Structures are given as C-alpha cells and as structure tokens.
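K.L.:
Give me the fold of what follows.
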Amino acid sequence: MACGWGLALHAHGDDEMRAVRAALEIRGAFREIGLSASCGIATGDVFTGLRGNSSRCEYAMIGDTVNRAARLMQIAEGQILCDATSFERTSDRVDFETLPPVRVKGLDRSFAVFRPTALLESGPSGIVGRVDERRVLRVRLEALVSGRRPGVVILEGEAGIGKSSLVADLIDAAVAQGVRTLLASSDEIERSTPYHVWRPLFDILLGLRRTDDEREADHVYGVSCSPTRVSCRLARSSIRSSR
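P.N.:
Here you go, the predicted structure:
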C-alpha cells in the first residue's frame with residue numbers, strides 16, 4: 001500500500017510528521033493483533049496525477065522519492081525506516097534511532113537511514129518576557145482561588161510564539177496554590193473528530209481510564225467505550241439539541 005502526504009490541494013505544514021505518526025500508529029495497531037508491518041518513509045518531490053487515456057487511467061505517484069520509500073519498506077523487516085529528509089523535518093517531535101547507511105537496488109549510492117521509535121512529549125521552554133500576559137493570567141488565577149469568580153481565558157497567537165509556555169507557567173502557579181488542573185491538547189489531524197479535545201477530560205472527571213473494563217464506560221457513557229462510538233453519540237446529541 002502506498003500513501004502520500006502533501007499532495008496538491010491537500011498539503012499541510014507538517015506532512016512529514018503526519019506520515020511518521022501514521023506509520024507508528026499502523027505498527028502499533030498491527031502489533032496489537034499479533035502481526036507486523038514494514039513501512040518506508042521518504043520526503044521529496046514526486047509527480048502525482050492521472051496516468052493513461054480516456055478509456056483507462058489511474059492516479060499515480062511517480063519519482064525517486066516513491067522508489068526510495070519502497071526500498072526502505074522492503075528492508076524494514078517489521079520496522080519503520082525513514083530517509084534523512086524525513087528525519088530532519090520531524091526530529092524535534094519524534095525519537096529516532098540512527099542506523100548505518102544502506103545501499104539498495106536501483107539507487108546509485110548509499111544513504112542515511114533512521115528508525116522512529118516513539119513520539120516525543122512536547123515540553124515547554126522557559127518564558128522570556130511576556131510580563132503583561134503573565135500578569136493578566138495571575139489576576140484571573142487569584143480571582144479563581146479567592147472564590148470571587150470563575151472565568152475563561154482565550155489565548156491566541158501564531159505558532160511558535162510561546163503559548164504553551166504561558167499555559168505551563170499558569171499551571172505551575174495554579175498547582176502551587178492547590179488548584180486542581182486538567183490539561184488536554186488538540187491536534188490538526190483530529191480536527192474532524194467530534195469532541196476530540198474533551199474526551200480525555202471526560203475520562204479524568206468521570207474516573208475512567210483506557211484500561212478499565214468496557215462495561216464501566218458503557219454504564220457512564222451509555223455506549224461502548226470505543227472513542228469512535230462515543231464521538232458519534234456525542235455528535236448526535238449535539239445535533240438534536242441544536243434543532
């Protein structure tokens with residue numbers, strides 16, 4: 001099976017990361033049922049489009065990048081192998097093992113190979129500046145702690161400007177004052193999944209864990225604890241309530 005990310009009209013800023021994450025999830029799903037999956041990931045320019053004529057045609061991806069990914073898959077032996085470009089563009093979010101360079105059929109020279117092992121937890125960095133923003137957040141926290149009023153704070157900004165660090169700083173301050181904190185994060189990949197960011201919060205608030213017996217989740221949610229079925233039930237409830 002061949003999969004492509006970053007195709008025309010379907011490109012994102014993190015397509016390499018999406019490919020690596022998909023491969024890790026595929027490998028994990030196969031292992032759960034006692035099977036293995038070999039994946040090869042390569043990043044580069046390819047031709048994509050219809051190939052053939054009006055009588056018969058097919059959508060195709062053609063190029064050295066496709067060939068390189070196929071060769072990596074052939075030598076992966078139940079693992080995931082990435083080329084250097086894929087590694088360079090995802091190494092800040094994925095833990096990799098560096099392997100010896102390989103030489104494969106159809107390619108003139110050997111090239112570097114990397115094996116992704118796990119996704120890295122995103123950790124906040126230290127805050128520099130942001131005095132005004134931190135002051136506003138502290139005022140809202142003090143209002144909550146003193147019991148004067150709850151509230152909602154919406155923090156917006158471009159990627160990379162330090163929103164996660166501000167949130168982490170606020171959580172540290174809240175924990176220091178004995179405030180119970182819950183944290184959930186969203187992902188662009190899950191943007192079409194109803195209530196994706198809320199589901200882990202529901203699990204914590206309702207005392208559920210993924211390892212609990214499914215009957216407990218059935219009792220609380222009224223459906224199977226399968227995330228998909230829970231999402232569908234919540235979505236239908238939302239639709240009914242909006243009519």
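K.L.:
and the longest helix along the chain, C-alpha only, in CSV?
P.N.:
Counting by DSSP state H, the longest helix found in the chain is helix 15-32. Backbone C-alpha positions of helix 15-32 (Å, rounded to 0.1, in the frame of the first residue of the first chain) are rendered in CSV as follows:
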residue,chain,number,x,y,z
ASP,A,15,3.1,16.5,6.3
GLU,A,16,6.3,14.7,7.2
MET,A,17,5.1,14.5,10.8
ARG,A,18,1.8,13.2,9.7
ALA,A,19,3.4,10.4,7.7
VAL,A,20,5.7,9.3,10.6
ARG,A,21,2.8,9.4,13.1
ALA,A,22,0.6,7.3,10.8
ALA,A,23,3.3,4.7,10.4
LEU,A,24,3.8,4.5,14.2
GLU,A,25,0.1,4.1,14.7
ILE,A,26,-0.2,1.4,12.0
ARG,A,27,2.7,-0.5,13.5
GLY,A,28,1.1,-0.3,16.9
ALA,A,29,-2.3,-1.5,15.6
PHE,A,30,-0.7,-4.4,13.8
ARG,A,31,1.2,-5.4,16.9
GLU,A,32,-1.9,-5.5,19.0
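K.L.:
Quick one: distance of it to the chain centre.
P.N.:
The chain centre lies 10 Å from the centre of helix 15-32; the measure is C-alpha atoms, centre = their mean, to the nearest Å.
K.L.:
low-confidence ranges in this structure?
P.N.:
Along the chain, the model assigns pLDDT under 70 to residues 121-129, 160, 189, 209-243.
K.L.:
rewinding a little: and the longest helix of the chain, what does it pack onto?
P.N.:
strand 39-41, strand 80-82, helix 84-90, strand 111-119 (3 or more C-beta pairs under 8 Å, 6 or more residues apart in numbering; DSSP states H and E). Where you see a C-beta, it was placed from the backbone N, CA and C, and this is true even at glycine.
K.L.:
so it versus strand 111-119, what angle?
P.N.:
Helix 15-32 and strand 111-119 are oriented at 70 degrees to each other (axes from the mean of the first three to the mean of the last three C-alpha atoms, to 10 degrees).
K.L.:
Could you list the buried residues of helix 15-32?
P.N.:
Buried residues in helix 15-32, counted by 16 or more other C-beta atoms under 10 Å: 15-21, 23-24, 27.
K.L.:
With stretch 130-149 instead?
P.N.:
Residues 133, 137, 140-141 are the ones in stretch 130-149 that count as buried (16+ other C-beta under 10 Å).
K.L.:
swap in stretch 104-111?
P.N.:
Buried residues in stretch 104-111 (16+ other C-beta under 10 Å): 104, 111.
K.L.:
Just the terminal-to-terminal distance for that stretch.
P.N.:
End-to-end distance of stretch 104-111: 9 Å, with C-alpha to C-alpha, to the nearest Å as the criterion.
K.L.:
Identify the residue nearest residue 77 in space, chain neighbours excluded?
P.N.:
Excluding the flanking residues, the one nearest residue 77 by C-beta to C-beta, 6 or more residues apart in numbering is residue 38, at 6.4 Å.
K.L.:
shouldn't the one you found be in contact with residue 78?
P.N.:
Yes - counting by C-beta atoms under 8 Å, residue 78 is a contact partner of residue 38 at 5.7 Å.
K.L.:
Compare these two and say which one has the larger neighbour count.
P.N.:
Higher neighbour count among residue 38 and residue 78: residue 38, with 17 against 12, using other C-beta atoms under 10 Å.
K.L.:
who's in contact with the more buried one?
P.N.:
Neighbouring residues of residue 38 by C-beta atoms under 8 Å, 6 or more residues apart in numbering: 73-74, 76-80.
K.L.:
try it again with 10 Å
P.N.:
By C-beta atoms under 10 Å, 6 or more residues apart in numbering, residue 38 lies in contact with 23, 27, 30, 72-81.
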